[in-house]
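Student: The sequence isn't on hand, but the structure is:
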């Protein structure tokens, strides 16, 4: 025991969480560690919430696994489907064909219906074997489409002559190798031509069967995640196909309306977990997307309750919750006691919570990663102290930059992204006025061939949180200047940069850019 009367436990004996939501969700007791304090956890379980939006690393994936477990315990059939399964369906249906614009909506609708059908077949294991029942008919459609010899329709026939012994019938008919022994003269054979029926030719019948089957007390939850990794939604350079992704929102909304009518609002639904930075990009090219999602969405954002005491801040409360459950010796302590024991020291003159927010985008993944880096470097320490944060700044900065590049890679032209970041890196100033960096850009314009204007680059970096605006707010009683900051990733910030104010580079990038 410490002299304060609390157990003496080293950092290596505490669980902070995992950066990868899937990895954390794979733990047998992950429900105990899951943080239920965010208001979206409750809101996401409402019947009319289909879309969960949040920045990369805010916890969408682990929320999906939490919902899957919650609904499964209530006898729902649940599935989480990622980009790879859509890729497989795409290859199965289209082979090397191009998906045309007028097929986008139908492609998403067919795939969603297919996944609903799978849950119905899984739920009704006996009824699916009875061909005249609706589930049996659904199973027959799927079996015909996806078994080796089914799912084809005849498109006429042709007559051909052969002098070979044993004329071979093409188009999947039975071969007759002995026929030539009986008659070696010229043969006439029928060459039937078969092609696979198009998925959109069956969609109406398929949907009709599903509607009727859903009335039979069918309860299910289907969640789509990681669709930003969908290769069919990107070109060779990795730029996302906005028009294709846009159509999944209307398909999900329409199918959920159908589900509610057929299932009589029993809670069954199809959900989409999606990055809100990509949503903003799609919204800027769409006239009605906001209308489709506005009444059916929840935003997974962690910038709320910011005036509370450090241990009550949502992100720190999440960390303390996991730490508390990870060791029996501190399980009975309050979150305040755990915070005081492990985070009481200040860093750069501010609380650990404020420091972690300053050096991150204010997401669970950022907090967890920084603290795990310290754990790995100082496993035998008994608390997170100032010098451990300072010593690990560079390593976290490397991680943060890699995550940032990964996040930006599909949102804009990759060469433009690299050059916009290079401009900040080369300028070497952590704070600057727009006119000054614009002058530097014009003097070195040959280095930045993919940037049309400095204002375009600065706006992009502001929107992505690399840059923020700063201005003098007031002076305190001792004459010290106090500045306020506007970061686009915070819900209280201006969505557009103010070019008359100073710009500041995000703290987490300073070490990477040697600032």
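Tutor: Nice, thanks for sending it over. Keep in mind it's a predicted model, so treat the numbers as computed, not measured.
Student: At which residues are the strands of the chain located?
Tutor: Using DSSP state E, the strands of the chain run over 51-54, 77-81, 152-162, 187-196, 220-224, 269-275, 297-299, 431-432, 467-475, 481-486, 502-505.
Student: what packs against the lengthiest helix in the chain?
Tutor: Ordering each helix of the chain by length in residues (DSSP state H) puts helix 242-263 first. With contacts defined as 3 or more Cβ pairs under 8 Å, 6 or more residues apart in numbering; DSSP states H and E, helix 242-263 has these neighbours: helix 104-123, helix 199-214, strand 269-275, helix 276-283, helix 289-293. C-beta here means a position set from N, CA and C on the backbone, and glycine is covered the same way.
Student: relative orientation of the longest one and helix 242-263 in degrees?
Tutor: An angle of 40 degrees separates the directions of helix 104-123 and helix 242-263 when computed by axes from the mean of the first three to the mean of the last three Cα atoms, to 10 degrees.
Student: per-residue pLDDT, residue 315?
Tutor: For residue 315, the model assigns a pLDDT of 94.
Student: residues in contact with the spatially closest residue to residue 489 that is not a sequence neighbour?
Tutor: Closest residue to residue 489 apart from its sequence neighbours, by Cβ to Cβ, 6 or more residues apart in numbering: residue 465 at 4.4 Å. Residues in contact with residue 465 (Cβ atoms under 8 Å, 6 or more residues apart in numbering) are 361, 487, 488, 489, 506.
Student: hang on, the second one packs against residue 493?
Tutor: Same thing as residue 487. Yes. If you go by Cβ atoms under 8 Å, residue 487 and residue 493 touch, sitting 5.4 Å apart.
Student: Which one's more surrounded, these two?
Tutor: residue 487 (21 against 16; other Cβ atoms under 10 Å).
Student: what's near enough to touch that one?
Tutor: Neighbouring residues of residue 487 by Cβ under 8 Å, 6+ apart: 465, 468, 493, 506.
Student: Have a look at these and tell me the least confident one.
Tutor: Out of those, that is residue 493, at 83.
Student: doesn't residue 484 make contact with that one?
Tutor: No. Counting by Cβ under 8 Å, residue 493 does not reach residue 484; the two are 10.3 Å apart.
Student: Just to check, residue 214 is in contact with residue 260?
Tutor: No. Counting by Cβ under 8 Å, residue 260 is not a contact partner of residue 214; they are 9.9 Å apart.
Student: Specify which residue of those two has the higher count of neighbours.
Tutor: Ranked by neighbour count (other Cβ under 10 Å), residue 214 and residue 260 place residue 214 first, with 23 against 17.
Student: count of neighbours near the residue lying closest to the more buried one once chain neighbours are set aside?
Tutor: Sequence neighbours aside, residue 262 is the residue nearest to residue 214 in space, at 3.8 Å (criterion: Cβ to Cβ, 6+ apart). Using other Cβ under 10 Å, the number of residues around residue 262 comes to 17.
Student: Residue 262: what's it in contact with?
Tutor: Residues in contact with residue 262 (Cβ under 8 Å, 6+ apart) are 210, 211, 212, 214, 215.
Student: Which of these are buried, as a ChimeraX select command?
Tutor: A single ChimeraX command selects the buried members of those (16 or more other Cβ atoms under 10 Å):
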select :210,211,214
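Student: Can you give me the buried ones in stretch 447-463?
Tutor: By 16+ other Cβ under 10 Å, the buried positions in stretch 447-463 come out as 448, 451, 454, 457, 458, 459, 460, 461, 462, 463.
Student: In helices only, show me these.
Tutor: When DSSP H is applied, these are split such that 454, 457, 458, 459, 460, 461, 462, 463 fall in helices.
Student: pretty sure the fifth one contacts residue 420?
Tutor: Yes. Contact status for residue 460 versus residue 420: in contact at 5.6 Å, counting by Cβ under 8 Å.
Student: ok, back up a step: just give me the closest of the contacts of residue 262 to residue 69.
Tutor: Relative to residue 69, the closest of the contacts of residue 262 is residue 214; by Cβ to Cβ it sits at 23.0 Å.
Student: OK, contacts around the closest one?
Tutor: With Cβ under 8 Å, 6+ apart, residue 214 has these contacts: 116, 120, 259, 262, 263, 268.
Student: change it to 7 Å
Tutor: Applying Cβ atoms under 7 Å, 6 or more residues apart in numbering to residue 214 gives the contacts 259, 262, 263.
Student: which among the residues you listed gets closest to residue 242?
Tutor: residue 259 (26.6 Å).
Student: one step back: so which of the helices and strands packed on helix 242-263 gets nearest residue 500?
Tutor: So among the helices and strands packed on helix 242-263, helix 276-283 is nearest, using Cβ to Cβ, at 24.0 Å.
Student: how distant is the closest one from the center of its chain?
Tutor: For helix 276-283, the separation from the chain centroid amounts to 12 Å (computed by Cα atoms, centre = their mean, to the nearest Å).
Student: Could you tell me the angle between it and helix 454-463?
Tutor: Going by the same axes, to 10 degrees, helix 276-283 makes 130 degrees with helix 454-463.
Student: which parts of helix 276-283 are buried?
Tutor: Buried residues in helix 276-283 (16+ other Cβ under 10 Å): 276, 277, 278, 279, 281, 282, 283.
Student: try stretch 428-444
Tutor: Quick answer for stretch 428-444 (16+ other Cβ under 10 Å): 432, 434, 437, 438, 440, 441.
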